[in-house]
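# Quick one: sequence plus predicted model below, questions after.
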Amino acid sequence: MKNILFLIHITIIALCVFFVSTYSSNELLAQNQKIDAEKKSKWKISKPGPPSQLGVTISKPDKYFNGYTFFVSFLDEEAKLVDMRGKVIHVWKRETGAHWHFAEMLPNGHVLVVANERGYNVKRQGDQRVFELDWNSNLVWESFVNGHHDAERLGNGNTLIVCNGNALYKELSETPALYDYLQEVDAKGQVVWEWHFAPHIEKIKKLVGDISPVKPSGDYPHINTIESLPDNPLVRKDKRFSKGNILLSARHISVVFIIDKESGEVVWAWGPGNIVGQHEPTMLENGNILIFDNGSGDQNIPNRSYSRVVEINPINYETVWEYKTEIPEDFVSYVGSGNQRLPNGNTLICAMNWKGGIGRIFEVTMDHEIVWEYWNPFQERVYRAYRYPSGMVDKLLE
């Protein structure tokens, strides 16, 4: 009898433990499912919108690089320079009816501008021009080339410009299409060097594999960045990275590539499978290349759900550094945008924020901490932005 009572007692205890553990497991499962649902819901949210307060929203003077930030509001005809508090301290302006697509400040306080009457319209040929204004917005130089997206003033005073024009390449398309080419123009407006993209497609394919074909509308391959390589430590190991060779970004084929300035040959290329629709690759002092990887812009590659900034070693193609948010979808800027490595090691990021968004410019440390943030108070998108050292600008303000 005692043995039977003992067995009943043990059975009751076991059943209690079973029901309690089952309830606890079900409760824990329900909690986990709720957390997962909340997380999934959060990931579906598009990039956070601008805060109620525009202008400077984050400022950590002990960590940011002190200077002045230069930018152009989308479809505007002026450039602004703001201090670290967001106060506009200088404006360059020229009203011609041509929107300023790209602009940058030169060391002497002049600005180099790429303007186009129809802004981002794919058929950009029209009122296209590249010009230079002095500190007081007086016209210094102008060239009516078919320029778009980017230009760079060289050390010899000439200007490298991304251009486009209709052409027929029967091996690529049965009808004429809009193709990119490059020009170097001197101070008198004379073209002293020219390079066309289309004849080099097969070489690029050999380096990176298949790329997106020409669209019926053209705009191929949509080169959005041109940079003459600076002196760098890679030259001693690899002549492909020689000073003066040209670094380019082709958005519609997701390729970053370098051409030898003298021969015109494509000597290095990278991108497909790693980046999508990128902007503003720039070579750093250490020879690495910093790239704004938009995550959208190539017709043959599905949009990625987020954007990022990536630094790669061009010798071994390894990722050295990357900026993206903890929830990747919290950082999305599919069009325009750019990046600049600052002297203190931080990175200035310009998120154009397409589709009605407001341009956001922010500075991050190597550990991804945001130490300065500025939402365009003029409530427009921002294609590119640059930070200039205080010492450089203060002399101009005297």
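Nice, I can see it. Residues are numbered from 1 along each chain as shown.
# Not counting sequence-adjacent ones, nearest residue to Y374?
Spatially, and ignoring its direct neighbours in sequence, Y374 is nearest to I361 (4.7 Å; CB to CB, 6 or more residues apart in numbering). C-betas here are computed from N, CA, C, even on glycine.
# is it fair to say the one you found lies in a strand?
Yes. Checked against DSSP: H, G, I helix; E, B strand; the rest coil, I361 lies within a strand.
# Report pLDDT for the spatially closest residue to L168 that is not a sequence neighbour.
Nearest residue to L168 in three dimensions, chain neighbours excluded: P176, at 4.6 Å (CB to CB, 6+ apart). P176 is assigned 91 on the pLDDT scale.
# State the distance from P176 to D134.
39 Å (CB to CB, to the nearest Å).
# more neighbours, the two?
Using other CB atoms under 10 Å as the criterion, P176 and D134 rank with D134 on top: 15 against 12.
# just checking, the more buried one touches V140?
Yes. The criterion here is CB atoms under 8 Å, and D134 meets it with V140 at 5.4 Å.
# Give me the common contacts of the two.
Jointly contacting D134 and V140 under the rule CB atoms under 8 Å, 6 or more residues apart in numbering are H110.
# And the strands in the stretch 51-200 of the chain, which stretches?
Taking DSSP state E, counting those that start in this stretch as the test, the strands found in the stretch 51-200 of the chain are 55-59, 67-73, 78-82, 88-93, 99-105, 111-116, 128-133, 139-143, 147-153, 159-167, 177-185, 191-196.
# among those strands, which is nearest N224?
Across the strands of the stretch 51-200 of the chain, N224 has its closest neighbour in strand 147-153 (4.5 Å, CB to CB).
# just the angle between the closest one and strand 99-105, please?
For strand 147-153 against strand 99-105, the angle by axes from the mean of the first three to the mean of the last three CA atoms, to 10 degrees is 10 degrees.
# residues making contact with strand 147-153?
Under the criterion CB under 8 Å, 6+ apart, residues 101-102, 106, 112, 114, 116, 124, 128-130, 132, 159-164, 223-228 lie in contact with strand 147-153.
# Tell me, how many residues neighbour S59?
Neighbours around S59, by other CB under 10 Å: 15.
# residues in contact with it?
Contacts of S59 by CB under 8 Å, 6+ apart are 84-85, 371-373.
# Now with 10 Å, please.
Shown in contact with S59 (CB atoms under 10 Å, 6 or more residues apart in numbering): 84-86, 363, 371-374.
# can you check S212 too?
So S212 contacts 220-221, 250, 252-255, 272, 298-301 (CB under 10 Å, 6+ apart).
# run the last query once more with 8 Å
Contacts of S212 by CB under 8 Å, 6+ apart are 221, 252-254, 298-301.
# that older thread, if I look at the residue nearest to Y374, how far off is D394?
Distance of I361 to D394, given as CB to CB: 21 Å.
# Comparing the two, which residue is more hemmed in?
Applying other CB under 10 Å to I361 and D394 shows that I361 carries more neighbours, namely 24 against 11.
# hang on, that one packs against P377?
No. With contact defined as CB under 8 Å, I361 does not reach P377; the gap is 11.4 Å.
# shouldn't P230 be in contact with S242?
No. If you go by CB under 8 Å, P230 and S242 don't touch, sitting 10.7 Å apart.
# Give me the pLDDT value at the nearest residue to H200 once chain neighbours are set aside.
Among residues not flanking H200 along the chain, V266 sits closest, at 5.0 Å (CB to CB, 6+ apart). According to the prediction, V266 has pLDDT 98.
# same question, the one 3 residues further on
With respect to pLDDT, A269 scores 98.
# which strands and helices sit next to the helix or strand hosting it?
A269 belongs to strand 266-270 when assigned by DSSP states H and E. On a contact count with 3 or more CB pairs under 8 Å, 6 or more residues apart in numbering; DSSP states H and E, strand 266-270 meets helix 201-208, strand 255-259.
# immediately after the longest one, which helix or strand?
Read it as helix 201-208. That would be, after helix 201-208 and using DSSP H and E, strand 223-228.
# who does that following strand touch, helix- and strand-wise?
Contact analysis of strand 223-228 by 3+ CB pairs under 8 Å, 6+ apart lists strand 147-153, strand 159-167, strand 177-185, strand 246-250, strand 279-283 as its packing neighbours.
# and that strand with strand 99-105, angle?
Going by the same axes, to 10 degrees, strand 223-228 makes 20 degrees with strand 99-105.
# give me the low-pLDDT residue ranges for the protein?
1-48, 118-126, 354-356 (pLDDT under 70).
# The same query, at a cut-off of 50, please.
For the chain, applying pLDDT under 50 flags the ranges 2, 4-8, 13-46, 122-123.
# Please identify the buried residues of stretch 339-358?
By 16 or more other CB atoms under 10 Å, the buried positions in stretch 339-358 come out as 339-342, 346-354, 357-358.
# re earlier: tell me which of the strands of the stretch 51-200 of the chain lies nearest to P389.
With CB to CB, the closest approach to P389 among the strands of the stretch 51-200 of the chain belongs to strand 67-73: 4.9 Å.
# looking at the strands of the stretch 51-200 of the chain, which is closest to V310?
strand 147-153 (19.4 Å).
# Could you list the paired strands of the closest one along with their orientation?
According to DSSP bridges, strand 147-153 forms sheet pairs with strand 159-167 (antiparallel).
# For I289, give me its contacts.
Taking CB under 8 Å, 6+ apart as the contact definition, I289 lies against 247, 256, 281-283, 311-312, 314.
# farthest-separated two in those residues?
Every pair of the contacts of I289 checked by CB to CB; the farthest is L247 and E311, at 14.0 Å.
# what residues does stretch 81-95 touch?
Against stretch 81-95 from outside (CB under 8 Å, 6+ apart): 55-56, 59, 61, 64, 66-71, 77-80, 103, 105, 111, 113, 131, 133, 135, 137, 139, 372, 374, 377, 388, 393, 396-397.
# how about that stretch: buried residues?
By neighbour count on 16+ other CB under 10 Å, the buried set for stretch 81-95 is 81-84, 86, 90, 92, 94.
# Repeat that for stretch 185-199.
185, 195, 197-198.
# related to what we said a few turns ago, which among the contacts of I289 gets closest to K237?
Among the contacts of I289, and counting by CB to CB, the member closest to K237 is P314, at 10.8 Å.
# Lovely, talk soon.
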